[in-house]
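Colleague: sequence unknown, structure follows:
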C-alpha cells in the first residue's frame, strides 16, 4: 500500500513539476513579453522627451535670435548716418572753401614777396645812385671850395683892409666883374690880358654916389668900381671886337669895343696898318698890340685863368644845383620806396599771420572731417554687418521654424504611439 501511494505521489510530483515548468515557462514568456512591451512603451516616451527637449532648445534659440535681431535693429536705428553725412558734407565744404582761400592767400603772399624783392632791388639801386650823387657832390664841393679859394685870392677878396672898407660901405657882397662875364671859349686869356685889374672891379648899382663919397676913406690899397647897367650893342669894326666875345650886363664896351681880335700874332700884325689911334688888337693867346706898341705877359700873375676858373665855378654851381635836385628826387623816391616797402612788409606779415591762422583752422577742420568720415565709414560698415547678421539670424529663424515643425510632428507621432501602447497595456 505504501508503494502505490509513493508511485502516485511520484506521478503527482512529476505532474506538478511539469505544471511548474509550464507555469515557469509561461511566466518567463510573459515577463519577456512584458519587458518587450515596456521597451516598446518606453521608446515613444523617450522619443517624446527628446522631441520636447529639442522643441525647448529650438524655442529658446528662436527667442534668443529674435532678441538678437531686435537688438541689432535697435542698434542700426541708432546709427544716425544721415546726420554724420550732413556733418561730413558741411566740413568738406568748409575745407574746400578754406583750401581755395589758402591757395588765393599763398598767391597773394607770393605776389607781395615778389613786390618786396623788386622794391628792395629798386631801393638798393636808388640808394646806390644817391651815394654816387653824394660822392659826386662831395667831390664837386671840394673842387668848388678849392676854386673859390683861388678865385678869392685872385680877385683881391683876401685883402683885409679892402674887405673892411667894402663891408663898411655895404658893397662887400656885390659881385666882381670877373664873376659876371661869360667869355667865348678860347678867348679867356685875351680878355684877362685886356681887363687885367678891372677883373677885380666891384659891380655896384648905377646910383653909386655914396660909394664915390666914401673913396676918401680908403687910405691904403686899390679899388675899382664899375656901374652895373645893360651892355649896349656895338657894331664890329673891321673885324669883331673883343666885346663881341663877352656876354655881360655890365658896361664893359668902352673897355673892349676898341680892342679888335685876331686868331694869332701874324693876323694881328697884318691888321696893324688899319688901326686908328683908339684901337688895338689882342690875340687868343693874350698878345696885345697897338699901332705902335705890343704887350706880352707870360708871367703867372693872379689874374691868369680867373675867367675860366669863374666859368668852371659857375658850371660847378649849376652841376651842384642839378645834383642837389637829383639827390632830393632820389631821397624822396627812397622815402617813398621805404614807405611802400614798409607797407608791403606789413601786408606780408598780416597775410602770413592770416595764413598761419587759416592753416590752424584748416588742420582742425581737416582733423574733424577725417574723424567724421571715419565715423561715417565705421557706422556704414557696422550697418552692413548688422544687415548681414540680421539676414543670417532671420535665415536661422526660418530654419528653426522648419525644424520646430518637423520636431513637433515627430512629437505628435510619439504621443500617438504612447496612447496606442497605453491601450495595449
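Modeller: It's in. No experiment lies behind these values; they were computed from the predicted model shown.

Colleague: mind listing what's buried along stretch 114-127?
Modeller: Under the neighbour-count criterion of 16 or more other CB atoms under 10 Å, stretch 114-127 has 115, 116, 119, 123, 126 buried. No exception for glycine: its C-beta is placed from N, CA and C like everyone else's.

Colleague: helices - which of those land there?
Modeller: Counted as lying in helices by DSSP state H, out of these, are 115, 116, 119, 123, 126.

Colleague: for the closest residue to the second one other than its chain neighbours, grab the count of nearby residues.
Modeller: By the measure of CB to CB, 6 or more residues apart in numbering, the closest residue to residue 116 outside its immediate chain neighbours is residue 344, 4.9 Å from it. Neighbour count for residue 344, taken as other CB atoms under 10 Å: 20.

Colleague: mind checking how far residue 344 is from residue 130?
Modeller: Remark: distance between residue 344 and residue 130 (CB to CB, to the nearest Å) = 21 Å.

Colleague: now the buried residues of stretch 114-127 in a markdown table, with distance to residue 399 and pLDDT?
Modeller: Listed next are these as a markdown table, based on distance: CB to CB, whole Å; pLDDT from 0 to 100:
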| residue | distance to residue 399 | pLDDT |
| --- | --- | --- |
| 115 | 78 | 94 |
| 116 | 78 | 94 |
| 119 | 83 | 93 |
| 123 | 88 | 91 |
| 126 | 93 | 92 |
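
Colleague: in stretch 92-111, what's buried?
Modeller: So stretch 92-111, judged by 16+ other CB under 10 Å, has buried residues 94, 95, 98, 102, 105, 109.

Colleague: I'd say the fifth one and residue 353 touch.
Modeller: To tie it back to what came earlier, the one meant is residue 105. No. Shown here, residue 105 and residue 353 do not form a contact pair, counting by CB atoms under 8 Å, at 10.7 Å.

Colleague: how about the helices in the stretch 51-200 of the chain?
Modeller: Along the stretch 51-200 of the chain, the segments classed as helices by DSSP state H, counting those that start in this stretch run 81-154, 160-168, 188-195.

Colleague: among the ones you listed, which is nearest residue 335?
Modeller: Set against residue 335 and scored by CB to CB, the helices of the stretch 51-200 of the chain come closest in helix 81-154, at 10.1 Å.

Colleague: how many residues are close by residue 144?
Modeller: 19.

Colleague: with residue 47 instead?
Modeller: 17.

Colleague: surely it touches residue 410?
Modeller: Yes. Using CB under 8 Å, residue 47 makes contact with residue 410 at a distance of 7.0 Å.

Colleague: surely residue 18 is in a helix?
Modeller: Yes. Applying DSSP: H, G, I helix; E, B strand; the rest coil, one finds residue 18 inside a helix.

Colleague: look up how far residue 101 lies from it.
Modeller: 122 Å.

Colleague: please apply the same query to residue 154.
Modeller: For residue 154 relative to residue 101 (CB to CB), the value is 76 Å.

Colleague: then residue 193?
Modeller: Residue 193 is 84 Å from residue 101, by CB to CB.
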